[in-house]
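Chemist: Fold the stuff below for me.
(one chain, ligands or ions: 2)
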Amino acid sequence: MAKSATKTKVQYVCSECGSVQMKWLGKCPDCGEWNTLQEEVVRAPEKPRSALAASTGYGVQPVSLAHIPADGMPRLVLGNSELNRVLGGGIVPGAGVLVGGDPGIGKSTLLLQMAAEVAAKVGRVLYVSAEESDHQIGRRAQRLGINAEDLYVLPEIVVEQIVEQLEQMKPALVIVDSIQAIYSEMGSSAAGTVSQVRDCAALLLRACKRFNIPLFLVGHVTKEGAIAGPRVLEHMVDVVLQLEGERFHAYRLLRSVKNRFGSTNEVGIFEMSEGGMQEVRNPSELFLAERLPNASGSAIAVSMEGTRPLLVEIQALSSASPFSQPRRTGNGVDFNRLLLLTAVLTKRVGVNLSDQDIFVNVVGGMRIDEPAADLAIATAMASSFRNQPVWADLAIVGEVGLSGELRSVGQLPRRLHEAAKLGFGRALAPRSALKGKGDAALPTGIEVIGARTLREALEAALVK
Ligand code: TYD
Ligand code: MG
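Modeler: Ligands and ions are numbered 1, 2, ... in the order given. Sure thing, here's the model as predicted:
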């Protein structure tokens, strides 16, 4: 390796794609994003990056594919079934998992609970706390009723020290809270910068892969909702989980955004309680618990979150607007879909919402982006406008097209099964989705009403 000059210089690193530029530019020439280049001071490395080189696994020989066992080490299955579901059936040995989420949402709490479980069942767990002192972790553990002998807390921010500890200890699981708070002494720029985050993550991931230790990294989320630091961080890990929730709701959703070992879009549902993050096993029941069955403006949608059907209440309120430009507000629904459904109701069905303020809310702080919830949203809006309640025993599924036609949705039998299980006697679905489906595919105990258009669907859904 050539000796580099000791003169300090400045470089600009893109927070989106990680590309390095010699001068500042408004637009990154590599990924085309604006205002993503961040200035970093380059310090000449004091010594060659031997630690980096040492942990890359130099000298490994190629292995014939035929001789690589497919199963490898078994997954570490957790008692927490919601976490298991999101991880795709447990923790894979050597996997790198990035857990993102807003500050205060419960990342540290959830991971500490998981760490305690693994420590009790499997063996030593290393919890690197770069943001909080060991006393703070101790206090949280006490609050959660955790007292695990094999759970080791390491308040450390230098990544080389962390790697050294984990190489000595070879724990069953490593958690680093958070990746933005640690730095490399050998890195070429200051702590918290894009290249530091990337280098630290690379070093940790390589060390953990070498010993087949699963690694959980906590990442902060920026105002825009992306995980702070370079996007490359998301490419480097195997699994990206996002913890979401509204500040004033106790529910927390853990979504898998990327998963090399399982399906994405899986959701785990938790409730933040006095005793930490509790798993919610029957979310539909919980979301429907406070529903007023005969109120107008309320409809039940059956939405799929990954492989799990969820019943959620959609509420709408329309009231004559005092403004020339009426307001539309959506909570938990896609705003553009809300506008589209308003237009379809006005133009195709004759529910004239053009001078109405409209508010739509998904109860319980859930967010539904699926078009399959269209029909329930439109029904709730029409129900509020006409002041006619929706039949209390009716669950609603279907996408609405621009001509006011209903379009079929995926996984209808699963959705209907869930609705039947929760005691709904009838379901409203697009007729096209029922075609070719024998009675065998559809659950018994629920009457399925097929409708061709939104107008037909409203006829069936609203109490006269
Ligand atoms: P925390 O896990 O520190 O969030 P993050 O690591 O994502 O920043 O959670 C902080 C919040 O959770 C805090 O407002 C207190 C609350 N909390 C509970 O409600 N119950 C509990 O048992 C614990 C430990 C925290
Ligand atoms: Mg935290």
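Chemist: Return the set of residues that bridge with the residue of the stretch 151-300 of the chain found nearest ligand 1.
Modeler: Relative to ligand 1, the nearest point of the stretch 151-300 of the chain is residue 276 (4.0 Å; Cβ to the nearest ligand atom). In short, each C-beta sits where N, CA and C put it, glycine included. Taking DSSP bridges as the rule, residue 276 bridges to residue 273.
Chemist: pLDDT value on it, please?
Modeler: Residue 276 is assigned 91 on the pLDDT scale.
Chemist: ok, so what distance separates it from residue 263?
Modeler: 27 Å (Cβ to Cβ, to the nearest Å).
Chemist: what kind of secondary structure is the residue most central in space within the chain in?
Modeler: What sits nearest the mean C-alpha location of the chain, by Cα atoms, centre = their mean, is residue 255, with 2.7 Å. Per DSSP: H, G, I helix; E, B strand; the rest coil, the local secondary structure of residue 255 is strand.
Chemist: residue contacts, it?
Modeler: Residues in contact with residue 255, defined by Cβ atoms under 8 Å, 6 or more residues apart in numbering, are 86, 241-242, 244, 265-267.
Chemist: Top of these by number of neighbours, please.
Modeler: residue 86 (28 neighbours; other Cβ atoms under 10 Å).
Chemist: Show me which positions of the helix or strand containing residue 112 end up buried.
Modeler: In the assignment (DSSP states H and E), residue 112 maps to helix 107-121. Neighbour-count burial for helix 107-121 flags 107-120 (criterion: 16 or more other Cβ atoms under 10 Å).
Chemist: still on that earlier bit, tabulate the contacts of residue 255 in TSV, adding columns for distance to ligand 1, secondary structure and pLDDT.
Modeler: Formatted as TSV, the contacts of residue 255 follow (distance: Cβ to the nearest ligand atom, whole Å; DSSP: H, G, I helix; E, B strand; the rest coil; pLDDT from 0 to 100):
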residue	distance to ligand 1	secondary structure	pLDDT
86	16	helix	92
241	12	strand	92
242	12	strand	89
244	11	strand	85
265	22	coil	75
266	20	coil	83
267	17	strand	86
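Chemist: Pick out whichever of the residues you listed sits closest to residue 402.
Modeler: The shortest approach to residue 402 among the contacts of residue 255 belongs to residue 265, at 25.8 Å (Cβ to Cβ).
Chemist: does the closest one really touch residue 305, like I thought?
Modeler: Yes: between residue 265 and residue 305 there is a contact at 7.0 Å, judged by Cβ atoms under 8 Å.
Chemist: what's next to stretch 391-399, contact-wise?
Modeler: With Cβ under 8 Å, 6+ apart, stretch 391-399 has contacts from 293-294, 299-302, 311, 371-372, 374-376, 379, 390, 406-409, 412, 415-416, 419, 423-430, 433, 446, 451, 457, 461-463.
Chemist: and those residues, which of them are in strands?
Modeler: 299-302, 311, 406-407, 426-430, 451 (DSSP state E).
Chemist: From these, pick the one nearest ligand 1.
Modeler: Distances from ligand 1 to those, taken by Cβ to the nearest ligand atom, are shortest for residue 311, at 26.3 Å.
Chemist: And for the closest one, the neighbour number?
Modeler: Neighbour count for residue 311, taken as other Cβ under 10 Å: 22.
Chemist: ok, it to residue 376 distance?
Modeler: Taking Cβ to Cβ, one finds residue 311 at 10 Å from residue 376.
Chemist: Ok, residue 288 next?
Modeler: On the measure of Cβ to Cβ, residue 288 and residue 376 end up 13 Å apart.
Chemist: With neighbour numbers in mind, choose between the two.
Modeler: Neighbour totals were compared for residue 288 and residue 376, and residue 376 leads with 33 against 19 (other Cβ under 10 Å).
Chemist: How is this protein partitioned into domains?
Modeler: Domains of the chain are assigned by automatic domain parsing as 8-43, 75-280, 286-461.
Chemist: pretty sure residue 243 contacts residue 110?
Modeler: Yes: with contact taken as Cβ under 8 Å, residue 243 and residue 110 are classed as touching, separated by 6.9 Å.
Chemist: Identify the contacts common to those two.
Modeler: 99, 252, 254.
Chemist: Would you mind listing the residues in contact with the second one?
Modeler: Right, the one you point to is residue 252. Shown in contact with residue 252 (Cβ under 8 Å, 6+ apart): 105-106, 110, 243-245, 269-272, 277.
Chemist: I'd like to check what contacts the helix holding residue 112. Which residues are they?
Modeler: So helix 107-121 is in contact with 76, 78-80, 83, 91, 99-101, 125, 127, 132, 137, 140-141, 144, 146, 148-151, 172-173, 175, 177-178, 216, 218, 243, 252, 254, 270, 272, 276-277, going by Cβ under 8 Å, 6+ apart.
Chemist: Give me the longest helix you can find in the protein.
Modeler: What stands out as the longest helix in the chain, according to DSSP state H, is helix 194-210.
Chemist: Okay, residue 74 and residue 90: tell me how far apart.
Modeler: For residue 74 relative to residue 90 (Cβ to Cβ), the value is 8 Å.
Chemist: So between the two, which is more surrounded?
Modeler: residue 90 (18 against 9).
Chemist: Quick check: that one touching residue 84?
Modeler: Yes: counting by Cβ under 8 Å, residue 84 is a contact partner of residue 90 at 5.5 Å.
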